[in-house]
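Undergrad: Here you go, sequence then predicted model.
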Amino acid sequence: MRRTKIIATLGPATDQLDALEKLLIAGVDVFRLNYSHQAHVEHERRMQAIRQLSLKYNHTVAVIADLQGPKIRIEHFKTGKAQLHEGANFKINTALASDAGDETQVGVSYKALPNDIKPNDKLMVDDGRVVLRVLSVKDTIIDCEVATGGILTDNKGLNLQNGGLSANAVTEKDVEDMKHAAKIEVDYIAISFPRDVADIRKAREMMAACNCNAQLIAKIERAEALDHIEAIIEASDAIMIARGDLGVEIGDAALPPVQKKLITMARNMDRAVITATQMMESMIENKIPTRAEVFDVANAVIDGTDAVMLSGETSIGHYPDKVVEAMSRVCEEAEKQRSVRVSDHRINQRFETISEAIAMSSMYVANHIGAKAICTLTETGGTCLWMSRISSGIPIFAFARHTSTRRRVALYRGVYPMKFDITHTDPLEANKQMIDLLIAEGTVQEGDIVIITKGDLRGRRGGTNNMKIIRVGQTLAHTL
């Protein structure tokens, strides 16, 4: 069973129901709705199709609403593009009409940009394909020299090297999108371009005001976010390493060690982590990935990422289901490495709650007794999140009565959601029923060892307080 989860972005390439169905069959665990593109009605239609197929195949999937945030873009050229030559003068003019750009100047979507810019700053346009060195700033005009030339087309992104832009992380558009995401009941909201923990807290306040009960994902894509990264991770439910804008701001060479550090930090702080951007981008056009892409995905898996994400590969690519199949193969092979199956996570740290102590103890026992599976009865998914921080090859089955909990845990590495309502089940029969479900799925058989965790008080949040070790086919159980 593949432990690393696969996230697929939806778009024009997946708008036909059969294309979406192929993605689900290929092994997608989480779908991403990109609110930077398409209207609300499109996202609503996609959500309906996801839920319809999820029921058809009895396969629980999570849905992420990815908000656009303050993505700063140049505006339009008169002819749709302009050739910028190295050494030439070029101006960013916030007062210019949105469609009046040419080879000498162009407008920009962020009108306060001159306030954040000073001479000798470098502006990275179109993911750094064009670089502008700032000569001077006066009123609405940022006068630049073209340091790296190229062809610029409309609406390309603009970043400040090393960060420092003051645009708010949550825009007016984001608030409207957040309200819509709450309406269609997404499971996660991804906040773009947060600078510090204050941006995360503000986003949570806005989510509460919108009656949005989704989990919050902080997208790490600003250089200054790295200066506050521990507080950002702590205030979030998960993080996404958005390597596109982050790589532009901190430089490509700095990105690999930062990615490794972020994955480790998130896991150590009991948060989920997603690795994103250009993981198999060549498969937008091709049926097989490059060897470099294979290594990229495998390294993220070995480092411990919960999920790997596909963007254009599935939203606009020619082979959406093929790329999911290819990514799945790479994940499964990487997960065979011994380093992915052992862990000393929190081995020398104090546990804060009984639930956490049971979760950690269960994983330790499972890894040393040769357990075939772990069953955890959970209300919120917290117990299985703790469990999933431990590197292991043993599947964790989250038996949950709440649909929202089952969808939430679909993102966690090595966790598989199962529908089960303990409040309507005799406690003495619950163990047998869970084991019977795993037998029916072909996961365990007679003689296998299964570990079960649950609470004495049924249906109570944070109530996990006991662990049982059961050998399938025998009535004897050991309780801790």
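TA: Alright, I've got the coordinates.
Undergrad: Glu352 versus the most centrally placed residue in the chain, what's the distance?
TA: Nearest to the geometric centre of the chain sits Ile274, at 3.8 Å (Cα atoms, centre = their mean). Distance, Ile274 to Glu352, by Cβ to Cβ, to the nearest Å: 25 Å. The C-beta positions use only the backbone N, C-alpha and C, and glycine is treated the same way.
Undergrad: Glu335 too?
TA: According to Cβ to Cβ, Glu335 and Glu352 sit 29 Å apart.
Undergrad: who's more crowded, those two?
TA: Legend: neighbour count by other Cβ atoms under 10 Å for Glu335 and Glu352, higher for Glu335 (20 against 9).
Undergrad: Relative to Tyr364, how far out is the more buried one?
TA: 20 Å.
Undergrad: Likewise for Met467?
TA: Remark: distance between Met467 and Tyr364 (Cβ to Cβ) = 10 Å.
Undergrad: who's in contact with the residue nearest to the centre of the chain?
TA: Ile274 sits next to 7, 217, 238-241, 305-309, 411 when contact means Cβ atoms under 8 Å, 6 or more residues apart in numbering.
Undergrad: now, which of these lie within helices?
TA: Under the assignment DSSP state H, the contacts of Ile274 contribute nothing to helices.
Undergrad: out of those residues, who's nearest Met178?
TA: Closest to Met178 out of the contacts of Ile274 is Ile217 (12.9 Å), distances taken as Cβ to Cβ.
Undergrad: and the gap between the closest one and Val273?
TA: Distance of Ile217 to Val273, computed by Cβ to Cβ: 10 Å.
Undergrad: what's the answer for Asn34, then?
TA: For Asn34 relative to Val273 (Cβ to Cβ), the value is 19 Å.
Undergrad: how about low-confidence regions in the stretch 1-150 of the chain?
TA: Within the stretch 1-150 of the chain, no range satisfies pLDDT under 70.
Undergrad: What ranges does it have for its strands?
TA: Remark: strands assigned in the stretch 1-150 of the chain by DSSP state E, counting those that start in this stretch are 5-9, 30-34, 62-66, 81-84, 89-93, 105-106, 122-125, 130-138, 141-148, 150-153.
Undergrad: when you compare where the fifth one runs with where strand 141-148 runs, what's the angle?
TA: Between the axis of strand 89-93 and that of strand 141-148 there is an angle of 140 degrees, by axes from the mean of the first three to the mean of the last three Cα atoms, to 10 degrees.
Undergrad: elements contacting strand 89-93?
TA: strand 105-106, strand 130-138, strand 141-148 (3 or more Cβ pairs under 8 Å, 6 or more residues apart in numbering; DSSP states H and E).
Undergrad: Quick check: neighbours of the shortest one in the sheet, parallel or antiparallel?
TA: Strand 105-106 has the following sheet partners, assigned by DSSP bridges: strand 89-93 (parallel).
Undergrad: Report the inter-axis angle for the strand it pairs with versus strand 130-138.
TA: Going by the same axes, to 10 degrees, strand 89-93 makes 70 degrees with strand 130-138.
Undergrad: Show residues contacting strand 89-93.
TA: Against strand 89-93 from outside (Cβ under 8 Å, 6+ apart): 74, 84, 103-108, 113, 123, 132, 135, 140-146, 158.
Undergrad: One more: stretch 241-258?
TA: With Cβ under 8 Å, 6+ apart, stretch 241-258 has contacts from 124, 127-128, 157, 159-163, 192-193, 219-223, 226, 259, 262-263, 273-278.
Undergrad: Helices of the chain, residue ranges please.
TA: Going by DSSP H, the chain shows helices at 17-26, 40-57, 172-183, 197-209, 229-235, 243-250, 255-268, 291-303, 312-315, 320-334, 354-369, 382-388, 403-409, 427-440.
Undergrad: possible to save those helices as a markdown table with distance to Cys375?
TA: Output for these, formatted as a markdown table (distance: least, Cβ to Cβ, whole Å):
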| stretch | distance to Cys375 |
| --- | --- |
| helix 17-26 | 25 |
| helix 40-57 | 22 |
| helix 172-183 | 32 |
| helix 197-209 | 32 |
| helix 229-235 | 29 |
| helix 243-250 | 36 |
| helix 255-268 | 23 |
| helix 291-303 | 25 |
| helix 312-315 | 32 |
| helix 320-334 | 23 |
| helix 354-369 | 10 |
| helix 382-388 | 10 |
| helix 403-409 | 13 |
| helix 427-440 | 5 |
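Undergrad: for the ones you listed, which one sits closest to Glu285?
TA: helix 312-315 (9.8 Å).
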